[in-house]
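[1] Provided below are the primary sequence and the corresponding predicted coordinates.
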Amino acid sequence: MHIITDDLSGIEIRALLETHFAGMLANSPKDKCHFLDFDGLKAPGVTFWSIWTGGSADAQLMGCGAMKQHDSALGEIKSMRTHADHLRKGAGAAMLRHIIAAAKERRLSRLSLETGSGAAFDAAQALYRSHGFEYCRPFADYKEDPFSRFMTKEL
């Protein structure tokens, strides 16, 4: 697996993100979804990565993830998604470790995230817990909401 900083111009990544957006909207009311659209993922302060099999010309997209830097202390994980063809192959964990390392490299003191509260989000929450994230109160501009779960990790 290899991870690259991605400019979101490729067909594969755009298709995966469309799947991600649809999945969020299918599992939470539209006004309760907090995903970044394409423009949001290209905004200043947001770094977007994709993860691929191998390093050859026939590499396959395995997943993606992003980090939004709120200030000099807080980073937020955004757009974590594993391609359906690569579930349970370690891509999500590899991307999460990459984002944590990037946050530490930037000397952030905390990395947080908002995810959904329904059963569709159980696997994601388990992944985050396995990497030391704990449930917390809303951060940044988020508000308490029954459709959201908030998690954080001190770095």
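    Here it is on my side, so go on. Numbering: from 1, shown residues only.

[2] From the chain's centroid, how far away is stretch 44-55?
    11 Å (CA atoms, centre = their mean, to the nearest Å).

[3] Report the buried residues of it.
    46, 47, 48, 49, 50, 51, 52, 53 (16 or more other CB atoms under 10 Å). C-beta coordinates here come from the backbone N, C-alpha and C atoms, glycine included.

[4] tell me which of these is nearest to residue 92?
    Distance to residue 92, by CB to CB, is smallest for residue 51 among the buried residues of stretch 44-55, at 8.7 Å.

[5] SS state for that closest one?
    strand (DSSP: H, G, I helix; E, B strand; the rest coil).

[6] about what we covered before: closest one of the buried residues of stretch 44-55 to residue 62?
    Closest approach between these and residue 62, by CB to CB: residue 51, at 4.7 Å.

[7] who's in contact with that closest one?
    1, 2, 3, 61, 62, 63, 64, 65, 91, 94, 95, 98 (CB atoms under 8 Å, 6 or more residues apart in numbering).

[8] residue ranges with poor pLDDT in the protein?
    25, 29, 55 (pLDDT under 70).

[9] where do the strands sit along it?
    Here the chain has its strands, by DSSP state E, at 2-5, 46-52, 61-69, 74-82, 110-116, 134-135, 148-154.

[10] now the angle between strand 110-116 and the last one, please.
    Right, strand 148-154. Angle of strand 148-154 versus strand 110-116, following axes from the mean of the first three to the mean of the last three CA atoms, to 10 degrees, is 160 degrees.

[11] What pairs with strand 148-154, parallel or antiparallel?
    The strands that strand 148-154 pairs with in its sheet are strand 110-116 (antiparallel), strand 134-135 (antiparallel) (by DSSP bridges).

[12] next one: the third one
    Strands that pair with strand 61-69, judged by DSSP bridges, come out as strand 46-52 (antiparallel), strand 74-82 (antiparallel).

[13] Include distance to residue 124 when you put those strands into JSON lines, please.
    Shown next, in JSON lines, are these (distance: least, CB to CB, whole Å):
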{"stretch": "strand 46-52", "distance to residue 124": "16"}
{"stretch": "strand 74-82", "distance to residue 124": "7"}
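
[14] Cool, thanks, talk later.
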